[in-house]
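# what follows is a protein structure lacking sequence information:
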């Protein structure tokens, strides 16, 4: 980038010859001598952060006078004053005026170059800071930055508007003196793991998504996005799913019941019995789909998400016991590895049971007869790690990025394979509601699902 150093000489023109500008030229700076104030406006480029001005004058007081006039019109322009002498009064005025630097004649070329470089570096830093402040002030999303001791460093205007904050100044004040919403203060709980995503519900009905990140050696940065309209859409979707599911499930129950009575009112032939079986299977599939939709809807809406101390070992043992018939039917081996001293975690019992059940049931379904399923659970770095590994056919690589999507079914599954395509979506939603993570590793030798839940 080329920087333009403007030299303005108000007194005798011969002063220009006393400045050695060779170092500036050799560094690629474009130097323009100016002897009239009006010429300054012609040469100043719009990006003042790329410009510097050198005023050369024998009298320090006269030089300061000219500098003050220029700064009235161009307050951001760095000015270096070259003069014959300075005194204590000059230094005080120069400081108040905000001069970038001053030099006493005769001026060495290297010193002049160094003064210009330092002035431009400071100017660029101020420019970047101003741009950053402007971005934050214009940002629609709220932004809050607090240090590691939960003292405020920065609150942009949008965040002030969100929480109706009128106080000033905020910098350096404890977070709990300014923010009173319990949802917001959850972010600053001791031992909080980051990144942390939460929702903040305000008294006026607005809802904000808060994405919090830990910035090492600086503090906690929080971005607030208005999701009120999304929550309303979610409520409408929830009502729709509940209504439709109820309206469909009732006639399905009647259909299934009456089909079971057909053979009681008279004999039926083999083909009729086959048709009845297909109808029953279809009704069961639709009923399972409706149940899964309702379960997914409950999880995503946070319905009945009451947290309590949970013993994962008890949930794992009970789930394997509940699936004993399917496991025995395929003559599979399920190996449970859980330490006796596994600590409790905070979670929702019903949801975690569904999570474990879906993962193990999937493993049983896709593991071949006489296959092996490993269920492991342990604590590492303050987190609960659950692994469910099978030696089934694996999930094709192209399918793996989509495996947690709603209604997605693997390309290697036959059309007759039972399932609604919602089981893993439910699992992922439960994991996210518990602020955890889930991923899979798969090959033709088997698949391992790994779930990490914070304690």
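Structure's in. What do you need? These numbers come from a predicted model, not from an experiment.
# only C-alpha atoms from now on, for both contacts and neighbour counts.
OK.
# quick one, helices of the stretch 151-300 of the chain?
Secondary structure of the stretch 151-300 of the chain, counting by DSSP state H, counting those that start in this stretch: helices at 157-163, 175-178, 182-185, 228-259, 270-301.
# using JSON lines, please lay out those helices together with mean neighbour count and mean pLDDT.
As requested, those are exported to JSON lines (neighbours: other CA atoms under 10 Å; pLDDT from 0 to 100):
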{"stretch": "helix 157-163", "mean neighbour count": "17", "mean pLDDT": "86"}
{"stretch": "helix 175-178", "mean neighbour count": "15", "mean pLDDT": "84"}
{"stretch": "helix 182-185", "mean neighbour count": "15", "mean pLDDT": "84"}
{"stretch": "helix 228-259", "mean neighbour count": "14", "mean pLDDT": "75"}
{"stretch": "helix 270-301", "mean neighbour count": "16", "mean pLDDT": "75"}
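# pull the helix or strand with minimum mean pLDDT from this protein.
strand 4-9 (a mean of 52; mean pLDDT, DSSP states H and E).
# check which element follows it along the chain.
Downstream of strand 4-9, the first helix or strand assigned by DSSP states H and E is helix 22-26.
# what's the first helix or strand after that next one?
strand 30-34.
# any idea how far that following strand is from the middle of the chain?
Chain-centre distance of strand 30-34: 49 Å, with CA atoms, centre = their mean, to the nearest Å.
# sticking with residue 346, tell me its helix or strand.
strand 345-347.
# strands paired with that strand, and their directions?
strand 308-310 (antiparallel) (DSSP bridges).
# for whichever helix or strand comes after the strand it pairs with, give me every contacting residue.
The helix or strand immediately downstream of strand 308-310 is helix 312-322, counting by DSSP H and E. By CA atoms under 8 Å, 6 or more residues apart in numbering, the surrounding residues in contact with helix 312-322 are 334, 336, 338, 342, 344, 345, 352, 353, 356, 357, 360, 377.
# same check on stretch 138-148?
136, 152-160, 162, 175, 217-226.
# list only buried entries from the residues you listed.
136, 152-159, 162, 175, 219-226 (16 or more other CA atoms under 10 Å).
# show me where the stretch 351-455 of the chain has strands.
Ranges of strands in the stretch 351-455 of the chain, per DSSP state E, counting those that start in this stretch, are 372-380, 383-390, 437-443, 446-454.
# can I get those in TSV including mean neighbour count, distance to residue 22 and mean pLDDT?
Converted to TSV, the strands of the stretch 351-455 of the chain look like this (neighbours: other CA atoms under 10 Å; distance: least, CA to CA, whole Å; pLDDT from 0 to 100):
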stretch	mean neighbour count	distance to residue 22	mean pLDDT
strand 372-380	19	64	88
strand 383-390	21	64	89
strand 437-443	16	62	87
strand 446-454	20	64	88
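# go through those strands and name the closest to residue 324.
Closest to residue 324 of the strands of the stretch 351-455 of the chain, according to CA to CA: strand 372-380, at 12.7 Å.
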